[in-house]
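Colleague: predicted model, plus sequence, below.
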Amino acid sequence: HGIINMPITYEPLEPELVGRTRWIQAGKHAGIHGIKAQMEQLGLSPTEVQLKEILVRVKDLGDKGKTLTDTDLDSIARSVLGKVAEKRLLELEDLSVMTGINSTPTASVKLSMDGNTYVAAETGVGSVDSAIKAIQKISERLASIRLKEYRLEAITGGTDALGEVVIKVEDKEGNTASARSSSGDIVIASVEAMIEGINRILMKRKLTGPKVGLANP
């Protein structure tokens, strides 16, 4: 905040004088004003609510020792900006994943919709697979929505790299929706993307009726 309001206090020379631009490191010490300035540099215009969510995600990763690059920040921001703006119809209440060398990966999820709570557990070939299957078990029963496509990309290198998950879901009427999410935890990114995709179809059904395909986020 200080360097943005009064840069001369912290910078003996303006970065532009030596062919540079001012760059603020995003991490656990990030503030709302610094994140807002970085959003402007990236050409993004989040709302105040979205800005606060971006800051929470940045601080969470910073607390885990992650140093964020511009690419990381851009992915986090676009993930938040791509969310359905209105209140979600389907919410994730809890997620638990168990895996091990001699045990079958198992995930249990608790979702809520219209004041009702739904719980499901599934096994899979890995934590992501079991978590998605558990969500799908509920979404198929509630709204006949299932996963159609799944793609995972590492945004940056290293064991603490952010992973970006892009999914496409489809219902029995052929309505489709794509969603994306990024996180240092691939399971969390996958679950968030899946929940977002389901909500996109639910919202479109609510607003426009059946047989509507949504554009990629």
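Modeller: Thanks, I have the structure now. Remember, it's a predicted structure, so these values are computed and weren't measured experimentally. Numbering: from 1, shown residues only.
Colleague: how's the protein carved up into domains?
Modeller: Domain assignment of the chain by automatic domain parsing yields the ranges 2-81, 90-208.
Colleague: for the protein, just list every one of the helices.
Modeller: 2-5, 7-10, 32-41, 48-63, 70-81, 127-143, 186-208 (DSSP state H).
Colleague: just so I know, which of those helices lies nearest M113?
Modeller: helix 127-143 (6.4 Å; CB to CB). For glycine as for every other residue, the C-beta is placed from the backbone atoms N, C-alpha and C.
Colleague: give the buried residues for that closest one.
Modeller: 127-139, 142-143 (16 or more other CB atoms under 10 Å).
Colleague: ditto for stretch 55-67
Modeller: L55, R57, V58, K59, L61, G62, K66.
Colleague: again with stretch 169-182
Modeller: V169, E170, D171, N175, T176, A177, S178, A179, R180, S181, S182.
Colleague: can you check stretch 30-39 too?
Modeller: A30, G34, I35, K36, A37, Q38, M39.
Colleague: how about stretch 81-101?
Modeller: Applying 16+ other CB under 10 Å to stretch 81-101 flags L81, G82, K83, V84, R88, L89, L90, L92, L95, V97 as buried.
Colleague: for the residues you listed, give me CSV that also has pLDDT and distance to D70.
Modeller: As requested, those are exported to CSV (pLDDT from 0 to 100; distance: CB to CB, whole Å):
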residue, pLDDT, distance to D70
L81, 83, 16
G82, 75, 18
K83, 69, 21
V84, 59, 26
R88, 77, 29
L89, 88, 34
L90, 92, 32
L92, 94, 29
L95, 97, 29
V97, 97, 31
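Colleague: the spatially most central residue of the chain and D171, how far apart?
Modeller: Nearest to the mean C-alpha position of the chain, by CA atoms, centre = their mean, lies S181 at 3.0 Å. For S181, the distance to D171 equals 20 Å [CB to CB, to the nearest Å].
Colleague: L81 is in contact with L44, isn't it?
Modeller: Yes. Using CB atoms under 8 Å, L81 is in contact with L44, at 6.6 Å.
Colleague: L111 pairs with what?
Modeller: Beta bridges link L111 to L92, Y118, judged by DSSP bridges.
Colleague: alright, that wraps it up for me.
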